[in-house]
Every structure is written in C-alpha cells, then in structure tokens.
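Student: 3D, please:
(one chain, ligands or ions: 1)
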Amino acid sequence: MGAVNIRNDTEVSGEARNDGDIKVVHSSLTVDHSLTIPEITPRIVELFKDLFKHWSNLDESRFVAENLSGGITNRLLKVAVEEENGTMVHVTVRIDGPNTEYIINRDRELQAIHHLSAAGFGPKLLGTFENGMVQSFIHARTLDASDMREPKLAAEIAKQLKSFHQVDVPGSKEPQLWNDISKFFKKASHLTFDDCKKQNKYKEISFKEVETEIIKLKELAGHLNAPVVFAHNDLLSGNLMLNDDEEKLYFIDFEYGSYSYRGFDIGNHFNEYAGLDCDYTLYPSKNEQYHFFRHYLNPEKPNEVSDKDLEALYVESTCYMLVSHLYWALWALIQAKMSPNEFDYLEYFFLRYDEYKRQKNECFSLAKSYLSQPKTI
Ligand SMILES: Nc1ncnc2c1ncn2[C@@H]1O[C@H](COP(=O)(O)OP(=O)(O)OP(=O)(O)O)[C@@H](O)[C@H]1O
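Tutor: This next block holds a predicted model:
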C-alpha cells in the first residue's frame with residue numbers, strides 16, 4: 001500500500017476491541033460531527049492521545065486537522081501529526097454521519113474492513129471510537145466519473161473487483177441485498193417531513209408501485225442465479241483512488257459492503273458512470289461493458305473469455321443495474337429524512353426511480369429472452 005501508516009504496533013491506551021480475530025484499539029470517546037475545525041481540533045487531539053499512547057505527550061500544536069470533501073454520508077477529516085522527531089504522519093478521521101445506522105450496518109462494516117484491509121484493499125484501520133474510525137491516509141487522487149471508462153483504468157478496476165470478490169470475509173455468506181432493500185422499503189415508505197414542500201413531493205410516490213417493482217425484479221433476478229460474492233456495493237468514482245506514479249488503484253469506503261450478487265456490484269458500478277448528476281446517457285456502451293467483463297472474468301487472458309460468458313454477465317449486470325436504481329432510490333428517501341447534509345436526497349430518489357422506469361421494459365425483455373434460450377452445457 002502506498003499509504004503512510006502510523007506504527008503497526010500502535011500501543012493501546014484505549015480499550016482493545018476484538019472484531020472477529022483481529023484486535024484494533026478503541027476509544028469510548030465520541031466526536032460531534034457538526035463542530036468547526038477550530039472546535040473539533042482539541043477533540044481530535046484528545047481522541048488521538050487516548051487511542052495512540054505514543055502521541056500522548058505531543059503538544060496540541062503538532063496536530064493539524066482539515067476537512068476532506070467528496071463524500072455525502074460522513075464527515076471526513078485529514079489530520080497531520082508532527083511526531084517528536086519531526087516525522088509527519090497523515091491519517092483520516094471518519095465521523096459517522098448522524099442517523100446513518102438506518103442505512104449502514106456498522107458492525108458488518110468493521111468486520112469487513114479488517115479482512116479487506118488484510119487482503120490489501122483500502123486504507124489501514126488504525127483505531128475506532130464510538131462514532132467513527134481512524135484510518136491511514138492514501139496518497140492518491142480520487143477518480144472522476146469520466147476516468148472510470150478510460151479503457152486501461154476500466155480494465156484495472158475490473159481486475160481488482162475480481163480479486164475483491166474473492167476475499168473471504170467470515171460470517172454468514174447469505175446475500176444481504178434483498179434484506180437491505182426490504183429494510184429500506186419499510187423505513188422509506190413510512191416517513192413524514194416537517195417541510196411542506198418535501199412532504200408534498202414525498203406524497204407523489206406510490207409505494208404500492210415501488211413494492212410491486214421490487215417483487216417483480218427480485219423474482220426475475222432470482223432466475224439468473226448470479227454468483228454470491230463479498231461485494232463493495234458502492235463502487236463510484238469517489239471510492240476509487242489512483243496513485244498515478246505507482247499506477248496503484250485503491251478501492252475505499254466499505255460501508256455498504258456485504259455478501260451480495262456479483263452482477264449488482266458491476267451493474268451498480270456502471271450506473272456510477274452517470275456521476276452524481278445522474279446523466280445516464282453516460283452509461284457504458286455494450287462494447288465498453290464487454291471490455292470490463294473480459295478483464296473481470298479472465299484478468300490474465302481477457303481475450304479468451306467466451307461469448308457465452310460475456311452474454312451471461314451482460315444480462316446479469318443489466319438486471320442488477322435496475323436493482324441498483326431501486327436500492328439507492330429508497331436509500332435516498334431515508335437520507336432525505338435523516339441526514340443533516342444539504343444534498344437534495346428527495347430529488348435523487350426521483351432521478352434514480354425515473355431511470356428505473358425508463359429502463360425496466362428493455363431490461364426485463366432482455367433477461368426474459370435470455371432465460372428462454374435453450375441452455376447448452
Ligand atoms: N483513507 C483516505 N485517504 C485519503 N483520502 C480519502 C481517504 N478516505 C476518503 N478519502 C477522500 O474523501 C472522500 C470521501 O470519502 P468517503 O467516500 O469515505 O466518504 P463518504 O461520506 O462515506 O462518501 P459516500 O457516502 O458519498 O461514498 C473520498 O472520495 C476521497 O477523496
């Protein structure tokens with residue numbers, strides 16, 4: 001990893017928490033996500049001194065915190081620490097967004113981080129606290145949506161995704177996708193907004209219709225027998241970082257990671273070509289998708305992938321691309337109610353759900369016609 005790590009043998013002053021078989025230092029402190037930088041800095045210093053004993057005697061002036069932007073779920077800080085001998089160490093502090101427990105299973109995330117990080121994915125987890133975690137800082141640039149379709153990068157993303165999907169994260173291997181969608185649906189369909197405009201917009205949604213779509217899509221997807229893998233589930237450009245000098249690509253942010261269907265991770269990634277503006281004219285062409293599939297299915301010999309395997313993955317990803325629209329549409333409704341962020345989550349629901357409706361007939365026909373073909377063994 002290109003990230004600068006603080007000592008691996010981080011001394012524990014906070015209590016050590018055992019997540020699975022790996023121990024990580026834990027502090028019982030919480031950090032208020034809404035504080036300004038001057039207000040939050042002393043709190044971060046206190047937290048670091050509690051977590052990392054070797055920093056406990058450093059003067060407060062040696063800790064410099066700044067906001068990192070990019071995400072829309074959590075508050076992220078970059079903290080520079082000047083050690084006694086003048087060495088600069090950079091870490092990130094992620095403060096969980098308030099109310100994110102409705103959409104994110106933090107225990108599941110923490111368990112996954114250990115195993116993914118041991119497998120070489122993402123930043124190193126250095127410590128946890130009541131509402132967040134400290135991780136190593138990755139010296140790399142965050143990708144833009146348009147970078148993801150660049151053929152060399154697309155091939156590298158596909159190749160890494162394949163190895164990501166091969167990581168064995170302990171615990172139940174039951175796919176969580178439909179459970180999560182069902183949980184989101186229950187929560188999202190019973191909201192009220194104090195803001196009249198929001199409430200009126202929300203009332204335009206027919207949850208009966210959404211529920212019918214979920215049932216139909218779940219049935220169709222079930223027939224495809226997609227392989228179950230440990231999926232990232234949120235492979236957008238902001239969660240991909242590239243160190244150009246080392247030509248090293250990083251996947252970050254595993255908060256939605258779970259056992260899920262291979263096609264969901266891929267279809268969801270393709271949806272992200274549209275960027276946060278949701279310009280779905282940017283969805284990858286069939287050729288671009290096949291390029292990705294070849295490098296995913298056989299990273300060493302991409303040109304030897306059979307047409308049959310390409311077609312199967314094309315149908316699978318297309319079908320789960322639809323599921324991804326429903327997933328994030330419902331997610332956005334919960335965020336519209338729970339998140340303090342300025343982002344227009346309600347509008348985001350409509351962008352995703354409208355795109356679902358635009359795509360569904362074509363995708364259903366594609367999947368049904370594929371499923372009706374006689375299968376050769
Ligand atoms: N360990 C890290 N090192 C360097 N930069 C990072 C690191 N983690 C995150 N970032 C930067 O911060 C941005 C936001 O991070 P992250 O995706 O974790 O936030 P988030 O709120 O969970 O986002 P979202 O929910 O939108 O995916 C990333 O796009 C990246 O630019």
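Student: what mean pLDDT does the helix or strand where residue 308 lies have?
Tutor: Assignment of secondary structure by DSSP states H and E places residue 308 within helix 307-338. Here helix 307-338 scores 97 as its mean pLDDT.
Student: how about it: buried residues?
Tutor: By 16 or more other CB atoms under 10 Å, the buried positions in helix 307-338 come out as 310, 312-338. Any C-beta I mention is one placed from the backbone N, CA and C, and that applies to glycine too.
Student: Same question for stretch 210-220.
Tutor: Of all the residues in stretch 210-220, those buried under the rule 16+ other CB under 10 Å are 210, 213-214, 217, 220.
Student: One more: stretch 284-299?
Tutor: The neighbour-count check on stretch 284-299 (16+ other CB under 10 Å) flags 284, 288-299 as buried.
Student: Present those residues as TSV; the columns should include secondary structure and pLDDT.
Tutor: Shown next, in TSV, are those (DSSP: H, G, I helix; E, B strand; the rest coil; pLDDT from 0 to 100):
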residue	secondary structure	pLDDT
284	coil	98
288	helix	98
289	helix	98
290	helix	98
291	helix	98
292	helix	98
293	helix	98
294	helix	98
295	helix	98
296	helix	98
297	helix	98
298	coil	98
299	coil	97
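Student: Using JSON lines, lay out those residues together with distance to the ligand.
Tutor: Listed next are the buried residues of stretch 284-299 as JSON lines, based on distance: CB to the nearest ligand atom, whole Å:
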{"residue": "284", "distance to the ligand": "20"}
{"residue": "288", "distance to the ligand": "23"}
{"residue": "289", "distance to the ligand": "23"}
{"residue": "290", "distance to the ligand": "27"}
{"residue": "291", "distance to the ligand": "25"}
{"residue": "292", "distance to the ligand": "21"}
{"residue": "293", "distance to the ligand": "25"}
{"residue": "294", "distance to the ligand": "28"}
{"residue": "295", "distance to the ligand": "23"}
{"residue": "296", "distance to the ligand": "22"}
{"residue": "297", "distance to the ligand": "27"}
{"residue": "298", "distance to the ligand": "30"}
{"residue": "299", "distance to the ligand": "25"}
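Student: Report the contact partners of the nearest residue to residue 176 once chain neighbours are set aside.
Tutor: Setting aside the residues directly before and after it, residue 176 is nearest to residue 258 in space (CB to CB, 6 or more residues apart in numbering), at 4.1 Å. By CB atoms under 8 Å, 6 or more residues apart in numbering, the residues touching residue 258 are 105, 108, 112, 175-177, 180, 230-231, 233.
Student: how near is residue 258 to residue 171?
Tutor: Residue 258 sits at a distance of 10 Å from residue 171 (criterion: CB to CB, to the nearest Å).
Student: Need the residues touching each of these two.
Tutor: Residues touching both residue 258 and residue 171 (CB under 8 Å, 6+ apart) are residue 108.
Student: relative to helix 307-338, how tilted is the helix or strand that contains residue 371?
Tutor: Residue 371 is part of helix 345-372, with elements assigned from DSSP H and E. Using axes from the mean of the first three to the mean of the last three CA atoms, to 10 degrees, the direction of helix 345-372 lies 160 degrees away from that of helix 307-338.
Student: touching the ligand at all, helix 345-372?
Tutor: No - Helix 345-372 stays clear of the ligand (CB under 6 Å from any ligand atom), getting no nearer than 11.5 Å.
Student: Much appreciated, bye for now.
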